[in-house]
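# test case, fold it:
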Amino acid sequence: MLVVVEEYNPEWPIQFQEIKREIEQALLGVRYISIEHIGSTSVPGLAAKPVIDLVVISERDDVNGVIHALTAKGGYIYAGELGIPDRHVCRKADGIPARNLYVTVQDCQSVRNHLGVRDVCRRNASLRDQYGRFKMELSRREWRNVDEYCEAKNDIVCMILEQAGLSEEDRDAIRRVNTTV
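Purely as a prediction, here's the structure:
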């Protein structure tokens, strides 16, 4: 399987805003902290898979309400944590543009990972460009699945997360989550 990675597309932030408005409508009356654009499409100038990654950050007690609203009013299907604690995956089969939507508990490891990579790559053009070149190189290889591709990025992602201030223990945990079995 080939993993498609494209040069940065200035439409990605616009697509995020459209999806965000849709999610805000589904979440009317529901408590949550924020809706964040994460992943490589959230970093100007960074090559990425053309999939908009978003996270709804909420307090632990509000996660179920957020998930319920997204499934009942937003057309999403709840897929579970999928092996990553406090990161709940919601899918939308007919979602255009393509997206990955997560509901996370505030300050959980997953959200610190996502925001850390995003924020470091936004601040550090050299590291952003290095990461982008590496992802483009990886996209030229054949993979059994996208998990293998993610595992191949472990070293550079952990280097970025070190710049974001994540502890060695947190980086090791993220490396384990991104390692295929």
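# quick check: phi and psi on residue 52?
Residue 52 adopts backbone torsions of phi -80, psi 120, taken as degrees, to the nearest 10.
# any idea how far residue 36 is from residue 133?
Using CB to CB, to the nearest Å, residue 133 is found at 25 Å from residue 36. (Glycine included, C-beta is placed from N, CA and C.)
# now do stretch 37-54: everything it contacts.
The contact list for stretch 37-54 (CB atoms under 8 Å, 6 or more residues apart in numbering) reads 3-10, 12-13, 15-16, 19-20, 23, 35-36, 55, 97-102, 114-115, 117-118, 121-122, 125, 128-129, 131-133, 135-136.
# out of these, which end up buried?
Buried residues within the contacts of stretch 37-54, counting neighbours by 16 or more other CB atoms under 10 Å: 3, 5, 8, 12, 15-16, 19-20, 23, 35-36, 55, 99-102, 114-115, 117-118, 121, 128, 131-132, 135.
# residue 2 and residue 144 touch, don't they?
No - between residue 2 and residue 144 there is no contact under CB atoms under 8 Å: 11.4 Å.
# count the residues that sit near residue 17.
Neighbour count for residue 17, taken as other CB atoms under 10 Å: 12.
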